[in-house]
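> here you go, sequence then predicted model.
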Amino acid sequence: MAAMLVSWHVLHRCPCHKTNDGSERICRFAKSPPSRGMVQGFGFEERGRWPSTGEQVAGLHMIQLEVDVADARGLSRHVRAVLGVMVALALAGFAVVGAARADPSFKGFLDALRPDAEARGISRATFDRETRGLEPDLSLPDLVRDGEAPKASSRGQAEFTVAPQDYVSAKRIGQLAEEGRALAKAHADALARIEKEIGVDAHVVLAIWGRETAFGKYKPQHDAIRVLATQAFTGRRKELFRGELLHALKLIDEGRIKRSEMRASWAGAMGLTQFMPSEFYSSAVDMDGDGRIDLFGSVADALGSAAMQLKLKGWTARLPWGIEVRTGARVDCANEGPDNARPISEWMRLGVSRADGKPIDARHLAASAYLMSPGGTFGPQFLVTENFKVLRAYNTSDLYAVFVGHLSDRIAGGGVFVTPWAAIRQLDNAGILEVQTRLDRAGYKIAKLDGRIGSETRLKIGLYQRANGLKVECWPSAELLAAMRRIAGP
């Protein structure tokens, strides 16, 4: 028998196995190829705190790959390939993790956070326990490396990276609406209490639940503390996430939530209706009356808390979020945006009408509304009310608010949009950023050059197209970008 042994010391974390006492994790790989012998390995242990869960783990030793065969030179190509992949992946992964753990600036960030934590009443024991062994997750979206200006990225929220017709998918919304109607019956008592006591429409909070976690089927996998610490350390919105990290630590310190429960999105939102840690303090309610607020397992608490958040943001009962419209000859998409808001009755005098031809409810004629065209002229257009702004405040995106608003209408028995979506091709974020930058330089000022499409960008595109004799479409298309380059030069 001949044997070949390769071993080296590493610093890496392993999700494969946990011993019964919870003190160590060991990974093993075993492969029996269709030839003589066995490839065995690899195993390792690690001391410190497990970054994703905060659990204590045991000591760092080694990884080894061992090949035990009658003739090492007779290894099949298959076995050699497996061994090669194992070595390459291990070396690459361990180098990244080791570098992250060795980052002295992250430790400095945590040290600087301690006084703020203590000022908020977070105990030293909790802070030390939850940050010991913590390392940043540099794979997250929306990060900014030291010395770099924020860049447009193709990763991150679907609200800003997916074309409108794909985000507001008729098929997906139809599926969720069917589920939502069944859940409305199953949770009728809680929803009735929400409408009576909080004053927010039941279909709207169901729609938020459906959009945020597919009615609980989507299970976020990120550790909230690690995510929030990473975003506070090197994210695009450091101050926001610093505050959220402190709120998350306080939730743990007060015993409201266990860290093992705090599974979050890449931005740190948690629970059935995706609350940020600070929102557990500002708007979470015990809707089921059991004496404990549980946004992870109690549907009543989660929906009641979402309703309370909408109420605090200014929700008006029985006011529609928006109305799909036809703009008529006197109005186009370059009239978009909150700054152009006016009573619905005034829009009607300008020739704007419901897309389905029905009269607009007289009870809503005095309500303020603005024109909103989420896909420019390539899809449905809406007059949106103050309730749209409230939905948008829950998640700052026009597409998100349209999705939730439309889903709530569908759960309530409404139909699909009258105007179909075109096959919109969306520029990547760098292309959108170039459009915004060119608009800004041409005098059409954009408050935030971020490579994200919103009402301001669509409005300024429409105004630019009007002024330059282009077809007014209010969308950052490849054709628009080519025209801008031609008009202004490179």
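It's in.
> could you list the domains of this structure?
2-101, 322-384, 429-488 (automatic domain parsing).
> contacting residues around I122?
246, 249-250, 253 (C-beta atoms under 8 Å, 6 or more residues apart in numbering). Bear in mind the C-beta positions are built from the backbone N, C-alpha and C, glycine included.
> wasn't it part of a strand?
No. I122: not assigned to a strand; according to DSSP: H, G, I helix; E, B strand; the rest coil it is coil.
> pLDDT score for it?
With respect to pLDDT, I122 has a value of 98.
> quick one on the thing from earlier: looking at the contacts of I122, which is nearest K185?
K250 (37.7 Å; C-beta to C-beta).
> might you list the low-confidence residue ranges for the stretch 201-350 of the chain?
When residues are selected by pLDDT under 70, none of them lie in the stretch 201-350 of the chain.
> what is the rounded mean pLDDT of the host helix or strand of R172?
If you go by DSSP states H and E, R172 is part of helix 170-186. Averaging pLDDT along helix 170-186 gives 98.
> and stretch 409-423, by the same measure?
pLDDT averaged over stretch 409-423 gives 97.
> what's the burial count for Q175?
13 (other C-beta atoms under 10 Å).
> over to the one 5 residues further on?
Neighbouring residues of G180 were enumerated by other C-beta under 10 Å; the total is 22.
> neighbours of the residue lying closest to it once chain neighbours are set aside, how many?
Excluding its sequence neighbours, the residue lying closest to G180 (C-beta to C-beta, 6 or more residues apart in numbering) is I411, at 3.9 Å. Counted with other C-beta under 10 Å, residues neighbouring I411 total 25.
> tell me how far I411 lies from V205.
Shown here: I411 relative to V205, a distance of 10 Å by C-beta to C-beta, to the nearest Å.
> give me the number of residues near K445?
By other C-beta under 10 Å, neighbour count at K445 equals 10.
> over to the one 10 residues further on?
Here the neighbour count serves as a burial measure; for S455 (other C-beta under 10 Å) it reads 21.
> what about the nearest residue to it once chain neighbours are set aside, how many neighbours?
Nearest non-adjacent residue to S455, counting by C-beta to C-beta, 6+ apart: G337, 4.5 Å away. By other C-beta under 10 Å, 19 other residues sit near G337.
> the one 3 residues further on now?
A count of neighbours around N340, defined by other C-beta under 10 Å, yields 15.
> for the residue lying closest to P338 once chain neighbours are set aside, pull up the helix or strand it's in.
Nearest residue to P338 in three dimensions, chain neighbours excluded: Y370, at 5.3 Å (C-beta to C-beta, 6+ apart). Y370 is part of strand 368-372, with elements assigned from DSSP H and E.
> what's that strand in contact with?
322-323, 325, 327, 331, 333, 335-344, 347, 352, 381-386, 388, 398, 402, 455.
> list the buried residues of that strand.
369-372 (16 or more other C-beta atoms under 10 Å).
> need the CA coordinates for that strand. PDB is fine.
Extracted C-alpha coordinates of strand 368-372, given in PDB (Å, rounded to 0.1, in the frame of the first residue of the first chain):
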ATOM      1  CA  SER A 368     -53.800  65.000  -4.000                       C
ATOM      2  CA  ALA A 369     -52.000  62.800  -6.600                       C
ATOM      3  CA  TYR A 370     -49.100  62.800  -8.900                       C
ATOM      4  CA  LEU A 371     -48.300  61.100 -12.200                       C
ATOM      5  CA  MET A 372     -46.000  58.100 -11.900                       C
END
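> what helices or strands is the very next helix or strand once past it leaning on?
Toward the C-terminus, strand 368-372 is succeeded by strand 374-377 as the next helix or strand (DSSP H and E). Contact here means 3 or more C-beta pairs under 8 Å, 6 or more residues apart in numbering; DSSP states H and E; on that basis strand 374-377 packs against helix 164-167, helix 398-411, helix 455-467.
> adding distance to A423, write the ones you listed out as TSV.
Shown next, in TSV, are these (distance: least, C-beta to C-beta, whole Å):
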stretch	distance to A423
helix 164-167	7
helix 398-411	16
helix 455-467	18
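> beta partners for the residue nearest to P338?
V384 (DSSP bridges).
> mind checking pLDDT for it?
So Y370 comes in at 98 (pLDDT).
> look up how far W421 lies from it.
For Y370, the distance to W421 - C-beta to C-beta - is 21 Å.
> is it true that E473 touches D332?
No. Here E473 does not reach D332: they are 9.4 Å apart, not a contact under C-beta atoms under 8 Å.
> who touches both of the two?
Here E473 and D332 share the contacting residues 377, 462, scored by C-beta under 8 Å, 6+ apart.
> count of neighbours near P220?
20.
> shouldn't it be in contact with S265?
Yes. Between P220 and S265 there is a contact under C-beta under 8 Å: 5.0 Å.
> out of the helices and strands packed on strand 374-377, deepest packed?
helix 398-411 (a mean of 24; mean count of other C-beta atoms under 10 Å).
> by contact count, what packs against whatever helix or strand comes next after that one?
For helix 398-411, the following helix or strand on the C-terminal side (DSSP H and E) is helix 429-441. On a contact count with 3+ C-beta pairs under 8 Å, 6+ apart, helix 429-441 meets helix 455-467, helix 478-488.
> I'd like to know which of those helices lies nearest to A112.
helix 455-467 (35.3 Å).
> what's the closest one in contact with?
Contacts for helix 455-467 (C-beta under 8 Å, 6+ apart): 332-338, 340, 372-373, 376, 398, 432, 435-436, 439, 442, 444-447, 470-476, 480, 484.
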